[in-house]
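1. Task: produce atomic coordinates for the following.
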Amino acid sequence: MAITDLPLHSHGRKLVVDLSHEHGLALLSLPPLGGLRLQTRARRAVEEAVLSLAGPRATGVEGPPRSQPLLGPFVSRLAPIHPGQVGEEETADLRYVVSGPRGYLRVLVGMVRANRPWRLVPGLSKALAAALATGAVATVNSTIWNLAESLSAPRLVIATVGSVALMIGWLIVDAQLWHRSAEVSREARQRARLYNASTVMTVGIGVLVCYVGLIVINLVWALFILNGQVFASTTRTPLHAAEYWTLSWFVASVATVGGALGSGLESDEAIRAAAYSKREQERRRILQDDDGD
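-> Got it, this is the predicted structure:
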């Protein structure tokens, strides 16, 4: 029984599991099982695969023909998984795949979970240090105080979206995380879109976690360092809870831009290690070696 956290493809579909009753082998891909309750789903999938290998086909008892694979709990429990096409020359004799928008979304979420995006924050130490330093300086800057007080909520949201998008784009471009396929087939383009979507989601979640953390840290720093009388004399606005929140929010956007600049000090290998699972890093390394050859 082999298990991988890489997405596998077969005849334009996302493969979940391949079974070879003749050889007693099974290959399970985890991303199509989704991102929620993965351990439970994976355990059920392994159980069903083992039971299938130990069932009638494995013992030589005649079963349904190749074109009509056995349907059972494996499909009903893990819908939208369904039997897939198996070529005559392939080792597998039974295959389950996912298809359609729901299947695509499940594979995408599973790929993002395999990358563990929450590791991105501690993995980008130089970018985080630059963001924290920028936030600390901006919090005590009177110009930032006036800007924060003059900005409406929609403009603060625009600043958030812009800074987060800048950080995501910079990390992807600077570390060359965008997947480009040398093949021109339709399946190759679909795979490239899937890999790139998972990259954007992985980096996006990591950056959002960092952004929320910056808001909290900036708020604590502001509560500690700011003087209400100085703030009021500069902005002509009393320093209350709303002002603390607005300032921390705006400073987080400024600090995120500083973090994007600081991420340029990170090596490409460090960013890839923070953004991808070990298997995905190996896959991309192999692709780069093939392109180099």
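
2. how near is the residue nearest the centre of the chain to residue 42?
-> Geometric centre of the chain, nearest residue: residue 202, 2.4 Å, by CA atoms, centre = their mean. Going from residue 202 to residue 42 by CB to CB, to the nearest Å gives 20 Å. Yep, even glycine has a C-beta here, placed from its N, CA and C like the rest.

3. Sticking with the residue nearest to the centre of the chain, tell me its helix or strand.
-> If you go by DSSP states H and E, residue 202 is part of helix 186-225.

4. what about the strands in this structure?
-> With DSSP state E, the ranges of strands along the chain come out as 2-4, 8-10, 13-20, 25-29, 82-83, 94-98.

5. Direction included, what does the shortest one pair against?
-> Under the criterion DSSP bridges, strand 82-83 sits next to strand 94-98 (antiparallel) in its sheet.

6. what is the orientation angle of the partner strand with strand 13-20?
-> Interaxial angle of strand 94-98 relative to strand 13-20 (axes from the mean of the first three to the mean of the last three CA atoms, to 10 degrees): 160 degrees.

7. and strand 94-98, how far from the chain's centre?
-> 24 Å (CA atoms, centre = their mean, to the nearest Å).

8. residues of that strand that come out buried?
-> 94, 95, 96, 97, 98 (16 or more other CB atoms under 10 Å).

9. Now do the same contact list for the residue lying closest to residue 135 once chain neighbours are set aside.
-> Excluding its sequence neighbours, the residue lying closest to residue 135 (CB to CB, 6 or more residues apart in numbering) is residue 255, at 3.6 Å. Neighbouring residues of residue 255 by CB atoms under 8 Å, 6 or more residues apart in numbering: 131, 132, 134, 135, 138, 214, 218.

10. do that again at 6 Å, thanks
-> 131, 134, 135, 214 (CB atoms under 6 Å, 6 or more residues apart in numbering).

11. farthest-separated two in those residues?
-> Across those, no pair lies farther apart than 134 and 214, at 9.2 Å, counting by CB to CB.

12. low pLDDT regions in the protein?
-> 56-80, 265, 268, 277-279, 283-293 (pLDDT under 70).

13. In the protein, mark out all the helices, start to finish.
-> Using DSSP state H, the helices found in the chain span residues 38-53, 56-59, 73-77, 100-115, 120-123, 125-139, 142-150, 153-174, 186-225, 228-235, 241-262, 268-275, 278-292.

14. Make a markdown table out of the ones you listed and add distance to residue 3.
-> Converted to a markdown table, the helices of the chain look like this (distance: least, CB to CB, whole Å):
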| stretch | distance to residue 3 |
| --- | --- |
| helix 38-53 | 7 |
| helix 56-59 | 19 |
| helix 73-77 | 15 |
| helix 100-115 | 11 |
| helix 120-123 | 24 |
| helix 125-139 | 32 |
| helix 142-150 | 50 |
| helix 153-174 | 29 |
| helix 186-225 | 19 |
| helix 228-235 | 57 |
| helix 241-262 | 36 |
| helix 268-275 | 22 |
| helix 278-292 | 11 |
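
15. right, so those: which one is the most enclosed?
-> Burial of the helices of the chain is given as mean neighbour count (mean count of other CB atoms under 10 Å); helix 241-262 ranks first at a mean of 21.

16. can you tell me how far residue 199 sits from residue 108?
-> Residue 199 is 11 Å from residue 108, by CB to CB.

17. returning to what we had before: just send the buried residues of strand 94-98 back as CSV, with distance to residue 243 too.
-> Formatted as CSV, those follow (distance: CB to CB, whole Å):
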residue, distance to residue 243
94, 64
95, 60
96, 57
97, 55
98, 50
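
18. Which single one of the residues you listed is nearest to residue 47?
-> Taking CB to CB as the measure, residue 47 sits nearest to residue 96 out of the buried residues of strand 94-98, at 13.9 Å.

19. What residues does the closest one make contact with?
-> 16, 17, 81.

20. wait, isn't residue 271 in contact with residue 173?
-> No. Look at residue 271 against residue 173 with CB atoms under 6 Å: they stay out of range, at 10.9 Å.

21. Now residue 183. Its backbone dihedrals?
-> Phi and psi for residue 183, reported as degrees, to the nearest 10, are phi -80, psi 160.

22. how close does it sit to residue 9?
-> For residue 183, the distance to residue 9 - CB to CB - is 12 Å.
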